[in-house]
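[1] sharing a model that was predicted from the sequence below.
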Amino acid sequence: MNITELISSELSRLEESKTYKYETALQSAQAGTVTVGGKEVVMLAANNYLGMSNHPLIKKAAIEGIKHYGYGVASARFLCGTQTIHQQLEKKISKFIGTEDALLFSSSFAANVGFFSALTNEKMGVENYKDIIYSDKLNHASIIDGQRLCRPEVTDKKIYNHGDAEHLARLLEEDKDKDYRLRIIATDGIFSMEGDMAPLPKLVELAKNYNAILFVDDCHGLGVCGKHGRGTHEHFGLVGKIDVIVGTLGKAIGGAAGGFIGGSKEMISYLRQKARTYIFSNSLPPSIVCASIAAFDLLSKDKSIVKRLQDNTAYFRKEIKSLGFTIIEGTHPVVPIMLNEASVAQDMSAALLKAGVYIKGLWFPVVPKGEARLRAQVSAALSKKDINRALSAFEKVGKKMHVI
Ligand SMILES: Cc1ncc(COP(=O)(O)O)c(C=O)c1O
């Protein structure tokens, strides 16, 4: 079959099944309000939780970074792509999240893709071994893809029900007497479609009882959860208790790009040698590295930013509910507004954009059938006035569409 015909028919299928992803271009910087089609609208769809994407201090640090260290490094880290700022940022990250050391990647997608196979595909001097990974059913695509690279002859994989520590405990118990070399429990800290938290205290306990490594992808918890924004582990009082933490610089911490893995000194030294997405890929550019250093410094100094995000979130959650919308309860700035029908979510997202709110709808297969929703993402960049403007639009559109 001709390749163009083949992909055209797949593209048509995506359109027919309403899963084709359209891109709406912003004519401004990412911020509390943005310009779309010449009109200013309130942004409720960005991972820009702390408003760092357009923060004057962060932009200044990025510009200074380019001035001093150049635009790019044109090298992987172990060749000639390590500048002092990369080492500085790794130290800052590990201090902030509470791990012994940290390692930068070009994205957290790359971090997740590099992590699992770096451990499981290597003999490390052990003959005839087998490892096992237990993974939450709703883990992020990059965790799933990372695990796909683990060779099946050396890695077993089991999926446990979403957030279900009891199911995980049963699986661990079943395998208790099997001679696995490594047992890895993998979970998101915060699940981005639901805004809910992994049951970390129970997972820490299970990891300890069954001698497993606990891996937490906290891309949506970093800068958001816990009093200081250290992450989901801070929220639960578990700083220092998680074996491996993955985070992104592409959401709360500036929103540009870049990711990292935090862990013990030995784990990070090992990944520096073995993670293929680290070794065979370019180093992060100075603009991002310097802006990220500034973002962690700002977060460490100014406690009011995380507080503002948490206050904005509590306010939005309370008010949207009092308008009569059904949300998934929680405390995270990801607020799923349940509409059930995909067509309602699609129509409402379009109507809200006209009414001055940028928000995206999610429907099957991104979320289960019959659970279509709008996903609001609250930000510290939003003023009370912006939030109230968004809430008025929700009220107007919700009533018109007989959703409330
Ligand atoms: C849980 C989780 N992990 C990893 C990623 C990938 O992040 P990055 O943009 O840094 O590759 C995302 C982003 O969608 C995410 O939500």
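    Received the coordinates, thanks.
[2] how about the lowest-mean-pLDDT helix or strand in the chain, does it get close to the ligand?
    In the chain, the helix or strand scored least confidently by mean pLDDT, DSSP states H and E is strand 360-362, which has a mean of 92. No: Strand 360-362 stays clear of the ligand (Cβ under 6 Å from any ligand atom), getting no nearer than 12.8 Å. Quick note: C-beta positions are derived from backbone N, CA and C, even for glycine.
[3] so which elements touch that strand?
    Other helices and strands packing on strand 360-362, by 3 or more Cβ pairs under 8 Å, 6 or more residues apart in numbering; DSSP states H and E, are helix 342-354, strand 372-377.
[4] what are the buried residues along that strand?
    For strand 360-362, the neighbour count (16 or more other Cβ atoms under 10 Å) marks 360, 361, 362 as buried.
[5] just put these in a markdown table and tack on distance to residue 274.
    Putting these into a markdown table (distance: Cβ to Cβ, whole Å) gives the following:
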| residue | distance to residue 274 |
| --- | --- |
| 360 | 37 |
| 361 | 41 |
| 362 | 36 |
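[6] just the closest of these to residue 198, please.
    Checking the buried residues of strand 360-362 against residue 198 by Cβ to Cβ gives residue 362 as the nearest, at 19.9 Å.
[7] quickly list what the closest one is bridged to.
    residue 373 (DSSP bridges).
[8] just say which of the helices and strands packed on strand 360-362 is most tucked in.
    strand 372-377 (a mean of 24; mean count of other Cβ atoms under 10 Å).
[9] ok now the least confident helix or strand of the chain, how far from the chain's centre?
    Taking Cα atoms, centre = their mean, to the nearest Å, one finds the center of strand 360-362 at 17 Å from the center of the full chain.
[10] got a list of contacts for it?
    With contacts defined as Cβ atoms under 8 Å, 6 or more residues apart in numbering, strand 360-362 is touched by 45, 193, 336, 339, 342, 345-346, 348-349, 372-375.
[11] stretch 334-346 too?
    18, 190, 192-195, 220, 313, 316-317, 320, 325-328, 348, 361-364, 370-378, 401, 403.
[12] kindly report the same for stretch 17-29.
    Under Cβ under 8 Å, 6+ apart, the answer for stretch 17-29 is 11, 14, 34-38, 53-54, 342, 346, 353, 358, 363, 365-366.
[13] of these, which is the most crowded?
    Counting neighbours by other Cβ atoms under 10 Å, residue 53 comes out on top of the contacts of stretch 17-29 with 26 neighbours.
[14] and whichever residue of the stretch 301-404 of the chain sits closest to the ligand, backbone torsions?
    Proximity of the stretch 301-404 of the chain to the ligand (Cβ to the nearest ligand atom) peaks at residue 334, 9.8 Å away. Phi and psi for residue 334, reported as degrees, to the nearest 10, are phi -80, psi 120.
[15] list the beta-bridge partners for it.
    According to DSSP bridges, beta-bridge pairing links residue 334 with residue 377.
[16] helix/strand/coil for residue 92?
    Three-state call for residue 92 (DSSP: H, G, I helix; E, B strand; the rest coil): helix.
[17] residue contacts, the closest residue to it other than its chain neighbours?
    Nearest residue to residue 92, sequence neighbours excluded (Cβ to Cβ, 6 or more residues apart in numbering): residue 296, at 4.7 Å. Counting by Cβ under 8 Å, 6+ apart, residue 296 touches 89, 92, 93, 96, 253.
[18] which one of those is nearest to the ligand?
    Using Cβ to the nearest ligand atom, these come closest to the ligand at residue 253, 9.9 Å.
[19] and the nearest residue to that closest one once chain neighbours are set aside, how far from the ligand?
    Leaving aside its sequence neighbours, residue 253 sits nearest to residue 295 (Cβ to Cβ, 6+ apart; 4.7 Å). Noted for residue 295: a distance of 14 Å to the ligand, by Cβ to the nearest ligand atom, to the nearest Å.
[20] got the CA positions of the helix or strand where residue 295 lies in PDB?
    For residue 295, the host element (DSSP states H and E) is helix 286-301. Below are the C-alpha coordinates for helix 286-301, written out as PDB (Å, rounded to 0.1, in the frame of the first residue of the first chain):
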ATOM      1  CA  PRO A 286      22.400  27.100  29.200                       C
ATOM      2  CA  SER A 287      19.200  29.200  29.000                       C
ATOM      3  CA  ILE A 288      17.200  26.500  30.500                       C
ATOM      4  CA  VAL A 289      19.800  25.500  33.100                       C
ATOM      5  CA  CYS A 290      20.300  29.100  34.300                       C
ATOM      6  CA  ALA A 291      16.500  29.800  34.400                       C
ATOM      7  CA  SER A 292      15.900  26.500  36.300                       C
ATOM      8  CA  ILE A 293      18.600  27.500  38.900                       C
ATOM      9  CA  ALA A 294      16.800  30.800  39.300                       C
ATOM     10  CA  ALA A 295      13.400  29.100  39.600                       C
ATOM     11  CA  PHE A 296      14.700  26.800  42.400                       C
ATOM     12  CA  ASP A 297      16.300  29.700  44.100                       C
ATOM     13  CA  LEU A 298      13.100  31.700  43.900                       C
ATOM     14  CA  LEU A 299      11.000  28.800  45.200                       C
ATOM     15  CA  SER A 300      13.400  28.300  48.100                       C
ATOM     16  CA  LYS A 301      13.300  32.000  49.000                       C
END
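[21] check which residues of that helix are buried.
    So for helix 286-301, counting by 16+ other Cβ under 10 Å, buried means 286-296, 298-299.
[22] now tabulate the residues you listed in CSV and tack on distance to residue 264.
    Formatted as CSV, these follow (distance: Cβ to Cβ, whole Å):
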residue, distance to residue 264
286, 28
287, 30
288, 25
289, 23
290, 27
291, 27
292, 22
293, 23
294, 27
295, 25
296, 20
298, 27
299, 23
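[23] up against the ligand, what does the protein have?
    107-109, 112, 140, 142, 188, 192, 217, 219-220, 248, 250, 259.
[24] compare the residues you listed and tell me which has the most neighbours.
    residue 217 (33 neighbours).
[25] and it, what's its pLDDT?
    On pLDDT, residue 217 comes in at 98.
[26] that'll do, ta.
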